[in-house]
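Student: Below are the sequence and a predicted model for it; my questions follow.
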Amino acid sequence: MRYFVYALRGIKDRKLYVGYSENPERRLKQHNAGETKSLFRRRPLVLIYKEGFKNELEARRRERFLKSGQGRKFLKEVLR
């Protein structure tokens, strides 16, 4: 798999963040290092979910779904 959709959870606020990347572990380190302004105050973050895809288009579509209401519901069910 070349691209991954991932979900992070803020330890402080327990909120979810969904994104996609070629390397979710590296991206998590960047988020926790404060390199992403939007997540700066929600640190530390933990990786709680990831899915692999062959191409970027599939990953972006899945990311969009997981950010929707149905996608959030799916994640909550999977993470139980």
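Tutor: Everything's here; your move.
Student: Now do the helices in the protein.
Tutor: 24-32, 56-66, 69-78 (DSSP state H).
Student: and the longest one, which residues are buried?
Tutor: By neighbour count, with 16 or more other Cβ atoms under 10 Å as the criterion, the buried positions of helix 56-66 are Glu58, Ala59, Arg62, Glu63, Leu66. C-beta coordinates here come from the backbone N, C-alpha and C atoms, glycine included.
Student: follow-up on the earlier one: how about the helices of the chain, which one is nearest Lys50?
Tutor: helix 24-32 (5.2 Å; Cβ to Cβ).
Student: Which neighbouring elements make contact with the closest one?
Tutor: strand 3-10, strand 16-21, strand 45-53 (3 or more Cβ pairs under 8 Å, 6 or more residues apart in numbering; DSSP states H and E).
Student: any idea of the angle it forms with strand 16-21?
Tutor: 130 degrees (axes from the mean of the first three to the mean of the last three Cα atoms, to 10 degrees).
Student: then helix 24-32 to CSV, C-alphas only?
Tutor: Only the C-alpha atoms of helix 24-32 are listed here, as CSV (Å, rounded to 0.1, in the frame of the first residue of the first chain):
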residue,chain,number,x,y,z
PRO,A,24,1.2,8.1,8.9
GLU,A,25,3.8,7.4,11.6
ARG,A,26,6.0,10.3,10.3
ARG,A,27,2.9,12.5,10.0
LEU,A,28,2.0,11.7,13.6
LYS,A,29,5.5,12.8,14.7
GLN,A,30,5.1,16.1,12.8
HIS,A,31,1.7,16.7,14.4
ASN,A,32,3.1,16.0,17.9
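Student: Check the model's average confidence along that helix for me.
Tutor: The average pLDDT for helix 24-32 rounds to 97.
Student: Which stretch among the helices and strands packed on helix 24-32 is buried most, on average?
Tutor: strand 3-10 (a mean of 22; mean count of other Cβ atoms under 10 Å).
Student: in its sheet, what does that one sit against?
Tutor: Looking at strand 3-10 with DSSP bridges, its partner strands are strand 16-21 (antiparallel), strand 45-53 (antiparallel).
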